[in-house]
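Visitor: Sequence below, structure please.
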Amino acid sequence: MPPEPPPVVDFYDRHPINEAQGLEALRLLAKALDLAISRLRIVSGQHARIKAIQIKTASADEIRARLSGILNLLNR
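Guide: Okay, the predicted model is just below:
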């Protein structure tokens, strides 16, 4: 059975952003998910409001659990 492809997370920003702001968004997401920034990559929408971010070497279930934990903390 082939390995599961890395999960991709869609990310929405209210305004188009430049490359430096895109890198900062990746840093913040990596920090929130407790991952190295090298494990994240913008795969589409580099300069658009909606971005698809690939998260390498993590399972989709692991990313869902981490994102759910973050959302639960924000909703308290």
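
Visitor: How about the contacts made by A20?
Guide: A20 makes no contacts at all, as judged by Cβ atoms under 8 Å, 6 or more residues apart in numbering. For glycine as for every other residue, the C-beta is placed from the backbone atoms N, C-alpha and C.

Visitor: Not counting residues beside it along the chain, what's closest to R41?
Guide: With Cβ to Cβ, 6 or more residues apart in numbering as the measure, Q54 is the residue that lies nearest to R41, at 4.9 Å, once sequence neighbours are left out.

Visitor: meant to ask about G45, not that
Guide: Sequence neighbours aside, K51 is the residue nearest to G45 in space, at 4.0 Å (criterion: Cβ to Cβ, 6+ apart).

Visitor: Tally up the residues packed near that neighbour, please.
Guide: K51 has 22 neighbouring residues, counting by other Cβ atoms under 10 Å.

Visitor: In CSV, could you pull the C-alpha coordinates for the host helix or strand of it?
Guide: Element membership for K51 (DSSP states H and E) is strand 50-55. Only the C-alpha atoms of strand 50-55 are listed here, as CSV (Å, rounded to 0.1, in the frame of the first residue of the first chain):
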residue,chain,number,x,y,z
ILE,A,50,-6.2,31.5,0.1
LYS,A,51,-3.1,29.3,0.4
ALA,A,52,-2.7,25.6,0.5
ILE,A,53,0.1,24.6,2.9
GLN,A,54,1.6,21.2,2.8
ILE,A,55,2.8,19.7,6.1
